[in-house]
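Asks: got a predicted model here, sequence first, then my questions.
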Amino acid sequence: MNSSQDRPLKAAELATLVGDVAGLILGLDEVTSEVLDEAGSLRVISRYGVGVDNIDLEAATSRGIVVTNTPGANTLAVAELTITLMLALARRIPYHDRIVKQGGWTRISGTEMAGRTLGIVGIGRIGREVAKRALGFGIEILYHDPVPPPQEFLASVPATYRSLQDLVAESDFVSLHCPLTDDTRNLIDRSLLGRFKPSAYLVNTARGGLVDEQALYAALAGGVLAGAACDVFTDEPPTDSPLVELDNFIATPHIGSTTVHTALRMGLMASQNALAALRGERPANVVNPEVYEQH
């Protein structure tokens with residue numbers, strides 16, 4: 001992380017720092033093949049977080065570099081932020097806060113959570129924790145995921161599978177919790193946004209690339225969608241995005257994992273992963289296990 005600018009390092013910046021480094025612990029900093037070309041001593045990349053779309057896994061594996069992450073460390077924090085953003089959208093909290101601070105008293109009617117439907121795209125660890133919390137509000141849970149959730153989860157949380165098209169058409173809230181891959185990039189595009197209810201809200205606390213941001217802006221500005229909240233963006237910070245100018249859009253600066261408790265869990269896991277690899281042991285959370293098959 002670039003402390004002076006409070007943002008992840010770009011590949012060209014990171015490449016100047018990795019010359020004699022054996023272990024690298026990082027967040028969303030860009031690790032391209034060009035960076036790895038400059039890291040002749042590198043043995044492990046320990047991701048401080050879960051997603052690894054910022055790392056060229058094929059290039060790392062081909063060089064025998066172990067890549068690890070910290071699954072589960074940020075689950076509760078991201079799930080709680082998701083619920084927070086849902087509530088903020090439903091009751092227009094940022095708008096009302098701004099109005100009062102400006103000396104006004106204008107009120108806009110909000111939406112109650114009880115009796116609404118939440119569609120969860122990606123029912124992994126975080127998606128399941130969101131479902132558990134939403135259930136307490138009296139919300140019906142739908143989900144879409146190519147991998148079904150564990151039976152013990154379905155036994156305690158009445159969640160129903162839907163195709164992606166049917167899920168967005170039926171849901172009052174849609175929350176994204178899937179990884180960013182070639183198949184999921186721009187998953188929420190203009191065509192899919194057209195299937196949402198005009199009264200629906202979209203929340204993205206997963207990855208910015210999941211949403212076509214130009215299409216989302218058009219949908220919000222044109223009344224196709226009631227509101228949206230994003231903690232993640234294709235380009236961070238979203239300084240040139242027209243989304244941040246909209247009253248029905250909430251933006252947060254990738255704070256899903258930003259709690260004291262998560263920082264401690266993630267830091268400990270990332271350190272343990274890196275140290276294990278440097279000792280010649282197999283870390284607990286290897287993202288590219290095929291690296292061990294090369295030897």
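Replies: Right, received. Where do you want to start?

Asks: from Pro94, how far out is Ile83?
Replies: 16 Å (C-beta to C-beta, to the nearest Å). Glycine gets a C-beta too; all of them are placed from N, C-alpha and C.

Asks: tell me where this protein has strands.
Replies: 23-26, 44-47, 66-68, 117-121, 140-144, 159-161, 173-176, 201-204, 227-230, 249-251 (DSSP state E).

Asks: what's the fifth one in contact with?
Replies: Put plainly, it is strand 140-144. Contact with strand 140-144 is made by 116-123, 127, 131, 134-135, 149, 157-164, 167, 170-171, as judged by C-beta atoms under 8 Å, 6 or more residues apart in numbering.

Asks: check the first one too.
Replies: Applying C-beta under 8 Å, 6+ apart, the set of residues contacting strand 23-26 from outside is 1, 8-9, 14, 18, 31, 39, 42-48, 270-271, 274-275, 277-278.

Asks: okay, now the closest residue to Thr234 other than its chain neighbours: neighbour count?
Replies: Nearest residue to Thr234 in three dimensions, chain neighbours excluded: Gly208, at 4.4 Å (C-beta to C-beta, 6 or more residues apart in numbering). Around Gly208 there are 18 other residues, counting by other C-beta atoms under 10 Å.

Asks: now Glu281
Replies: 9.

Asks: compare Ile83 and Pro94 (neighbour count), which wins?
Replies: Ile83 (21 against 16).

Asks: gap between the more buried one and Pro179?
Replies: 21 Å.

Asks: report the buried residues of stretch 155-164.
Replies: For stretch 155-164, the neighbour count (16 or more other C-beta atoms under 10 Å) marks Val157, Ala159, Arg162, Leu164 as buried.

Asks: residues in contact with it?
Replies: 119-121, 123, 128, 131-132, 135, 140-145, 148-149, 153, 170, 187, 192.

Asks: show the buried residues in the residues you listed.
Replies: Here, 16+ other C-beta under 10 Å leaves 119-121, 123, 128, 131, 135, 140-145, 149, 170, 187, 192 buried among the contacts of stretch 155-164.

Asks: bridging residues for Ala159?
Replies: When assigned by DSSP bridges, Ala159 has beta-bridge partners Ile141.

Asks: coming back round to it: right, and the strands of the chain - which one's nearest Gly103?
Replies: Among the strands of the chain, strand 249-251 comes nearest to Gly103, with 22.3 Å by C-beta to C-beta.

Asks: for that closest one, which strands pair with it and how are they oriented?
Replies: Determined by DSSP bridges, the sheet partners of strand 249-251 are strand 227-230 (parallel).

Asks: then the partner strand to PDB, C-alphas only?
Replies: This file holds the C-alpha atoms of strand 227-230, laid out as PDB (Å, rounded to 0.1, in the frame of the first residue of the first chain):
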ATOM      1  CA  GLY A 227     -30.200   3.000  -6.000                       C
ATOM      2  CA  ALA A 228     -26.900   1.400  -5.700                       C
ATOM      3  CA  ALA A 229     -23.900   1.200  -3.300                       C
ATOM      4  CA  CYS A 230     -20.400   0.200  -4.100                       C
END
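
Asks: quick one: average pLDDT of it?
Replies: Strand 227-230 shows a mean pLDDT of 98.

Asks: all helices for the stretch 151-295 of the chain, in order.
Replies: Using DSSP state H, counting those that start in this stretch, the helices found in the stretch 151-295 of the chain span residues 151-156, 164-170, 190-193, 213-221, 260-278.

Asks: okay then, goodbye and thanks.
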